[in-house]
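A.B. asks: build me a model:
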Amino acid sequence: MESLHNSTKSKELKDSEEEELQHVENELAIVEAKLRSLIAKKNSLLRRKEDLKDICALKRSKSQTKEEDWNHEGFEWSSKLRAILKSTFQISEFRPYQLSPINITLAKKDCILIMPTGGGKSLCFQLPALIEDGFTLVISPMISLMEDQIMHLNKLGVKAEMISSETNLKASNGIFQGMVESKSSLKLLYVAPERLAKSKKFMSKLQKAHELGRLSRIAIDEVHCCSTWGHDFRPDYQFLSVLKDMFPEVPILGLTATATTKVIIDVQKMLSIPGCMVIKASFNRPNLYYEVRIKPTAQKECIDELEYLLKNTFKNQSGIIYTTSIKDCEDLRKELRARNLQVSGYHARLEPEIRSKVHQKWLTGEYQAVVATIAFGLGIDKPNVRFVIHHCLSKSMENFYQESGRAGRDGQRAHCILYYRLQDVFKLSTMVFSTQTGLENLYSIVKYCLEPSRCRRSIIASHFDEVWDYSDCDKMCDNCKKSRQSTDMDITPHCLTILKIIETAINEDTKLTAQMILDIWFGKNNKIKCKVATPKFPREKAENILATLLIKGILKEDFHFTPYSTISYMKAGPKHASVLHRGEKVTMPIKGISSESTSSQNDKNDRVPDSFASKSNSGSHTQSKNKPDNATGVSTKRSGGVACNENVIKPKKSRIIIVSSDSE
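C.D. replies: I've put the predicted structure just below:
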């Protein structure tokens, strides 16, 4: 009896110790989660501290002079400037933001010009080149763009040359001679950045030209490529950091259509021009109508929509359809050609003569649209592009802004449509994750797409650090066309469900893609043993929830390589512990409904935001399939298209930001 009593007592002590051990392990897990959260917060604050230090330094270096000190024609060179503008370039007036950088560079000061696509950046270095003796060195990443500019300048009687890998020895020697001869008529010399980085002979000739006083200025096009924080960083641009050391008194003019404050500061540091003057035109393109549409899951439905747009909404009008890959480009071209649409493809694998032929046929109107990868676009000089359609996401807000900005360069109304689908996010993430800011840039455009009510222009302005007045949109985006009222929906129950699915998969040594998680959630995949309530709302809504968790950092992509591809799997992100262990609430902005929970058991509020309205039952997709939303405020009847003969739409406000070249 005593032995039985001792055994029972021993068992109770053991159970008590095991309970305490479990309790301690749970406490440690919570503490470790808090530590991870605090470390993540500390790192975030440290990054923000560095950003703020740079921003404050940029603000402290603001010029004490006023903008009008540069934006006028009272300089010693002004009368000559005006005369050449009219006689050579056949232009009667400067566009907004052109005169200030021209005067700054003629005053031998360094400057960065940020101006939207089609704003006239090239004139800001071409015109000053004709005012002085010597030549301007123009550094540009695109051979085709340089060729177009040289052809245009030569027609105007301006001596412009280019040295590239295709330039033969005789032509190169002739250009080298022109660089150093005092009586040479050479005014602009175009080179790619790799020419400076890899050709010692060219650099020696450039040094000789500088010693003889022949190098007037250095213009760097697409200057954002210098920055590792930029959306299009190019290693060859890093070599340009030596230019200021080699030619300290030669002014540098950097030009770009897209650059955030962080990128501007990084470019200034890299080029050794800290505190240089910065001319920043407004990013607002008031004549462009921005719209996000849910991309149909079925390829046929997607082609149906594009066919309707080209044959009706944009009938007899010119445009561009952007795709992500060469395969998508070719597939889409074939589908549209099969429907008797005058389109052609454009991508990097086409022979140069074929690309040139496609470009010319599009310019002359023989092709209504070009289905293209991002290889098509830089330097396009076609003012009457009435539509730009993104068949897939862009890689970043900068890319989207630049690509959509190829519409409406004549100032007339134009339409920019972006098709969004979650699966496209992962198609792109596997392409960009290896770059420093690839995922961050991609998620910024995902956030743009998910926004159900905020003005599209406001999101773009915020991304580029520009103050925005909502009234400036004038209902020229899909969200402002509708009511902007929205509310935050509690998606915490769904967040916990998804985290449970991921945890179960880990315990079963299984990896899940986003689509697998959604299939398990909707009861269409038995890959793991995980019982969860099936949602009563459409799959599109579930996709938006998962995307929201991804951009909030509650979920994270985990990339794995196979011999043939890169696969994106889902795992818990750095911020999941705040929900799992501290009970923090997770919300998602939606349009015009109450903020009650969206649990699967109570789905009376489970409606997809208007901008992502899914087709309900069998044939209800007529809005997108047969009659696209007439959101531009112009005709979209089957017999017509978007009006292109209205008055040019001009910005309500002009903003020029000048930052002094004199550091504090």
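A.B. asks: mean confidence for the helix or strand containing residue 34?
C.D. replies: For residue 34, the host element (DSSP states H and E) is helix 2-60. In this model, helix 2-60 has an average pLDDT of 76.
A.B. asks: could you list the buried residues of the helix or strand that that helix is followed by?
C.D. replies: Remark: after helix 2-60, the chain's next helix or strand is helix 78-87, criterion DSSP H and E. Buried positions in helix 78-87, judged by neighbour count with 16 or more other C-beta atoms under 10 Å: 78, 81, 84-85. Just so you know, the C-beta spots here come from the backbone N, C-alpha and C atoms, and that holds for glycine as well.
A.B. asks: neighbours of residue 91, just the number please.
C.D. replies: Applying other C-beta atoms under 10 Å, we find 15 residues neighbouring residue 91.
A.B. asks: show me what contacts it?
C.D. replies: Residue 91 is in contact with 85, 123, counting by C-beta atoms under 8 Å, 6 or more residues apart in numbering.
A.B. asks: ramachandran angles for residue 220?
C.D. replies: When read as degrees, to the nearest 10, the backbone of residue 220 gives phi -110, psi 110.
A.B. asks: quick check: bridge partners of it?
C.D. replies: Counting by DSSP bridges, residue 220 is bridged to residue 139, residue 254.
A.B. asks: need the contact list for it.
C.D. replies: Contacts of residue 220 (C-beta under 8 Å, 6+ apart): 139, 226, 240, 252-255, 271.
A.B. asks: where does the stretch 201-350 of the chain dip in pLDDT?
C.D. replies: For the stretch 201-350 of the chain, the stretches with pLDDT under 70 are 228-233.
A.B. asks: what segments of it are helices?
C.D. replies: Using DSSP state H, counting those that start in this stretch, the helices of the stretch 201-350 of the chain run over 243-246, 261-270, 299-308, 326-337.
A.B. asks: residues contacting the first one, please?
C.D. replies: The set of residues external to helix 243-246 that reach it, using C-beta under 8 Å, 6+ apart, is 196, 207, 210, 218, 250, 252, 271-273.
A.B. asks: pull out the buried positions in that helix.
C.D. replies: So helix 243-246, judged by 16+ other C-beta under 10 Å, has buried residues 243-244.
A.B. asks: repeat that for stretch 146-161.
C.D. replies: 146, 148-150, 153, 158-161.
A.B. asks: how many other residues sit next to residue 197?
C.D. replies: Counted with other C-beta under 10 Å, the neighbours of residue 197 add up to 16.
A.B. asks: could you find the closest non-adjacent residue to it?
C.D. replies: Nearest non-adjacent residue to residue 197, counting by C-beta to C-beta, 6 or more residues apart in numbering: residue 239, 3.8 Å away.
A.B. asks: ok, back up a step: which of the contacts of residue 220 count as buried?
C.D. replies: 139, 226, 240, 252-255, 271.
A.B. asks: any chance of these in TSV, plus distance to residue 339?
C.D. replies: As requested, the buried ones among the contacts of residue 220 are exported to TSV (distance: C-beta to C-beta, whole Å):
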residue	distance to residue 339
139	43
226	44
240	47
252	50
253	47
254	45
255	40
271	49
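A.B. asks: thinking again about what came up before, closest one of the contacts of helix 243-246 to residue 37?
C.D. replies: Checking the contacts of helix 243-246 against residue 37 by C-beta to C-beta gives residue 271 as the nearest, at 38.5 Å.
A.B. asks: mind listing what the closest one touches?
C.D. replies: If you count contacts by C-beta under 8 Å, 6+ apart, residue 271 has them with 110, 220, 223, 226, 240-241, 243-244, 252, 254.
A.B. asks: ok, residue 165 - how many residues close by?
C.D. replies: 10.
A.B. asks: what of residue 171?
C.D. replies: Close neighbours of residue 171, defined as other C-beta under 10 Å, add up to 13.
A.B. asks: distance to residue 510 added to the contacts of helix 243-246, as TSV?
C.D. replies: TSV is the format used below for these (distance: C-beta to C-beta, whole Å):
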residue	distance to residue 510
196	51
207	62
210	63
218	56
250	60
252	54
271	49
272	52
273	53
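A.B. asks: now for these: which two are most distant?
C.D. replies: Across the contacts of helix 243-246, the longest distance by C-beta to C-beta is 19.7 Å; it joins 207 and 273.
A.B. asks: more crowded one of these two?
C.D. replies: Counted by other C-beta under 10 Å, residue 207 and residue 273 do not tie: residue 273 has more neighbours, with 21 against 13.
A.B. asks: which non-adjacent residue is nearest the more buried one?
C.D. replies: In space, residue 273 is closest to residue 110, 4.3 Å off (C-beta to C-beta, 6+ apart).
A.B. asks: quick one, what contacts that neighbour?
C.D. replies: Taking C-beta under 8 Å, 6+ apart as the test, what residue 110 contacts is 251-253, 271, 273, 276-277, 661.
A.B. asks: could I get those residues as TSV with distance to residue 321?
C.D. replies: Shown next, in TSV, are the contacts of residue 110 (distance: C-beta to C-beta, whole Å):
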residue	distance to residue 321
251	40
252	37
253	34
271	36
273	39
276	39
277	39
661	43
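A.B. asks: for residue 121, which three-state class applies?
C.D. replies: Classification of residue 121 by DSSP: H, G, I helix; E, B strand; the rest coil places it in coil.
A.B. asks: which residues touch the residue nearest to residue 197?
C.D. replies: Counting by C-beta under 8 Å, 6+ apart, residue 239 makes contact with 193, 196-197.
A.B. asks: please tell me how far it sits from residue 220.
C.D. replies: Here the criterion is C-beta to C-beta, to the nearest Å. By it, residue 239 lies 12 Å from residue 220.
A.B. asks: equivalent analysis for residue 445, please.
C.D. replies: Residue 445 sits 26 Å away from residue 220, going by C-beta to C-beta.
A.B. asks: then residue 299?
C.D. replies: Residue 299 is 42 Å from residue 220, where distance means C-beta to C-beta.
A.B. asks: and the helices in the stretch 451-600 of the chain?
C.D. replies: 456-463, 478-481, 492-507, 514-521, 539-551, 576-580.
A.B. asks: point out where the stretch 501-650 of the chain drops to low pLDDT.
C.D. replies: Looking at the stretch 501-650 of the chain by pLDDT under 70, you get 592-650.
A.B. asks: break down it into its strands, ranges please.
C.D. replies: Assigned strands in the stretch 501-650 of the chain, in chain order: 555-561, 566-572, 587-591 (criterion: DSSP state E, counting those that start in this stretch).
A.B. asks: what of the stretch 201-350 of the chain?
C.D. replies: 215-221, 252-256, 277-280, 288-294, 318-322, 343-346.
A.B. asks: now distance to residue 586 too, for the ones you listed, in JSON lines please.
C.D. replies: Converted to JSON lines, the strands of the stretch 201-350 of the chain look like this (distance: least, C-beta to C-beta, whole Å):
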{"stretch": "strand 215-221", "distance to residue 586": "44"}
{"stretch": "strand 252-256", "distance to residue 586": "37"}
{"stretch": "strand 277-280", "distance to residue 586": "36"}
{"stretch": "strand 288-294", "distance to residue 586": "22"}
{"stretch": "strand 318-322", "distance to residue 586": "33"}
{"stretch": "strand 343-346", "distance to residue 586": "42"}
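A.B. asks: nearest to residue 569, out of those?
C.D. replies: Among the strands of the stretch 201-350 of the chain, strand 288-294 comes nearest to residue 569, with 24.7 Å by C-beta to C-beta.
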